[in-house]
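In: make a model of this:
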Amino acid sequence: MNVRRSAAALAASAVLCAGAAPAALAAPSPSPAPVVPSGLFGKGDPTYDGVWRQSFALLAQRTVGEQPAAQAVDWLVGQQCADGGFASFRADASKACDAKTVLDTNATAVAVQALAALGGHDAAVKKGVDWLKSVQNEDGGWAYVPGSPSEGSSTSVVISALAVAGEKPAGVKSKAGKSAYDGLLSFQLGCSAEPAADRGAFGYQPADGKLAANADATAAATLAALGKGAVVAPAGTDTPAAALACPATAGDPTAAARGAAGNLAEALKKDGHLTAVTPGADQPTPDTGNTADAVIALAAAGHKQSAAGALEWLKANSAEWSKGNPAALGTLILTAHATGTDPKAFGSTDLVAALNATGPSPRSATPMAQASEDADKKKDDEGSGNGNLWWIIGAGAAAGMGIGILLSGRRKKNQI
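Out: Residues are numbered from 1 along each chain as shown. Next up, the predicted model:
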């Protein structure tokens with residue numbers, strides 16, 4: 001749910017621009033990267049992931065009981081257009097959105113989740129939900145950029161946002177009468193899929209009429225089919241993950257989620273993490289972002305043991321990947337939350353301190369967390385006479401199905 005999003009959005013932008021103004025693309029004029037606003041998390045160029053990374057940072061802070069800084073929340077709220085949609089990033093939010101503003105279903109969906117979790121933003125949440133409903137495709141699904149064909153990852157992220165906002169996805173229907181779940185389940189590889197290892201997985205978008213398994217879409221679809229968002233409460237019980245039940249139950253989101261979770265669990269068995277082929281690499285490399293997503297999805301489905309190995313791998317291998325990356329750090333905090341793990345002792349990393357170091361300091365903790373912090377501080381003062389500070393400072397190949405691969409890499413969270 002992260003920085004991989006940057007490459008995906010860049011690819012989408014390039015394709016959109018190529019269709020609209022090829023002459024301009026032939027001789028581009030270099031422009032400086034936007035100045036990072038003071039209220040925004042992260043130091044990198046926010047053009048393609050500003051709203052995404054801000055939303056995950058705020059979700060993570062809220063989940064661990066902190067009250068995000070007012071300027072951080074205000075920045076996100078200010079990014080919303082009058083019609084309710086969000087672009088990936090607007091450098092000058094004082095200017096009204098117009099026909100040239102490229103609105104983004106993924107940015108809108110994750111912003112809806114963040115604002116709903118923060119509370120006190122009902123009007124903004126409703127506007128975001130209404131806009132998402134307004135750009136639903138006839139097949140019941142959603143595209144990254146409205147007006148494009150539906151794809152599995154974006155459909156999943158939007159459904160999760162609708163569920164978090166209190167909507168019933170089965171009742172959100174297109175003008176053609178297709179529900180959000182109709183759109184989602186059309187991307188699942190069923191009992192006839194070959195190889196058999198792909199059964200239960202979800203795909204991004206068909207290529208030449210064939211749907212290929214995609215880990216990002218599968219993890220996101222698991223949450224969506226269960227009616228859950230990015231914040232998953234630890235399960236009280238544990239059940240073993242299982243392969244897609246065949247013959248599959250048509251139109252059953254819960255059965256689809258079980259099959260998707262079973263596919264993820266099986267994929268994690270080989271190396272303890274997911275892999276991906278990156279441009280220029282001879283061999284697949286660890287896919288840290290989608291591994292974190294898979295752990296959250298398995299936790300949501302109640303499969304603790306199936307996620308345990310990947311969770312340990314993340315603790316040992318995610319520090320460098322997430323360093324200074326608010327979306328990645330936020331995702332790992334949500335991973336810790338979903339599995340009942342302490343985010344302040346995630347391997348060798350205090351994820352909370354590392355995230356807070358990338359943006360505005362939170363205003364305060366919740367009363368319970370604050371009381372604990374005060375007690376710890378008093379104990380430190382009595383023992384040494386000194387307080388202490390706890391901060392830890394902490395694309396161009398897209399064309400045709402190529403953009404599908406990049407976009408499925410996800411809007412995309414945290415993989416670069």
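In: spatially nearest residue to Asp293 (excluding sequence neighbours)?
Out: Distances taken as Cβ to Cβ, 6 or more residues apart in numbering place Ala219 nearest to Asp293, at 3.8 Å, with adjacent residues excluded. Quick note: C-beta positions are derived from backbone N, CA and C, even for glycine.
In: give the contact list for that neighbour.
Out: Taking Cβ atoms under 8 Å, 6 or more residues apart in numbering, we find Ala219 in contact with Ala260, Leu264, Asn290, Asp293, Ala294, Ile296, Ala297.
In: and the one helix or strand the first one maps to, average pLDDT?
Out: Mapping Ala260 onto the secondary structure by DSSP states H and E places it in helix 253-269. Along helix 253-269, the predicted confidence averages to a pLDDT of 98.
In: got the buried residues for it?
Out: 253, 255-268 (16 or more other Cβ atoms under 10 Å).
In: check stretch 88-98 too.
Out: Neighbour counts over stretch 88-98 (16+ other Cβ under 10 Å) mark Ser88, Phe89, Arg90, Ala93, Cys97 as buried.
In: so which of those are in strands?
Out: Among the buried residues of stretch 88-98, none falls in strands (DSSP state E).
In: ok, so of those, who is nearest Ala307?
Out: Ranked by distance to Ala307 (Cβ to Cβ), the buried residues of stretch 88-98 are led by Ser88 at 30.1 Å.
In: thought the closest one was touching Gln54?
Out: No: applying Cβ atoms under 8 Å as the test, Ser88 and Gln54 come out as separate, 10.8 Å apart.
In: quick one on the thing from earlier: select only the buried ones of the contacts of Ala219 in ChimeraX?
Out: Buried residues within the contacts of Ala219, by 16+ other Cβ under 10 Å, are selected in ChimeraX with:
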select :260,264,290,293,294,296,297
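In: where does the chain dip in pLDDT?
Out: Counting by pLDDT under 70, the chain shows low-confidence ranges at 1-31, 364-416.
In: give me phi/psi at Gln80?
Out: Dihedral pair for Gln80: phi -70, psi 140, per degrees, to the nearest 10.
In: list the contacts for it?
Out: Counting by Cβ under 8 Å, 6+ apart, Gln80 touches Phe86, Ala111, Ala124, Lys127, Gly128.
In: can we see that at 7 Å?
Out: By Cβ atoms under 7 Å, 6 or more residues apart in numbering, Gln80 lies in contact with Phe86, Ala124, Lys127, Gly128.
In: from Leu103, how far off is it?
Out: From Gln80 across to Leu103, the span is 10 Å (Cβ to Cβ, to the nearest Å).
In: which other residues reach stretch 159-171?
Out: Contacts with stretch 159-171, where a contact means Cβ under 7 Å, 6+ apart, come from 109, 112-113, 116, 125, 129, 132, 172, 179-181, 184, 223-224, 227-230.
In: what does the closest residue to Asp238 other than its chain neighbours show for phi and psi?
Out: Leaving aside its sequence neighbours, Asp238 sits nearest to Lys304 (Cβ to Cβ, 6+ apart; 4.1 Å). In terms of degrees, to the nearest 10, the main-chain angles of Lys304 are phi -60, psi -50.
In: before we move on, back to that, quick check, the residue nearest to Asp293 in a helix?
Out: Yes: under DSSP: H, G, I helix; E, B strand; the rest coil, Ala219 falls within a helix.
In: by contact count, what packs against whatever helix or strand Asp182 lives in?
Out: Using DSSP H and E, the element containing Asp182 is helix 180-185. Counting contacts by 3 or more Cβ pairs under 7 Å, 6 or more residues apart in numbering; DSSP states H and E, helix 180-185 is packed against helix 152-164, helix 215-225, helix 253-269.
In: what packs against the longest one?
Out: Using 3+ Cβ pairs under 7 Å, 6+ apart as the contact criterion, the neighbours of helix 253-269 among helices and strands are helix 180-185, helix 215-225, helix 288-300, helix 304-317.
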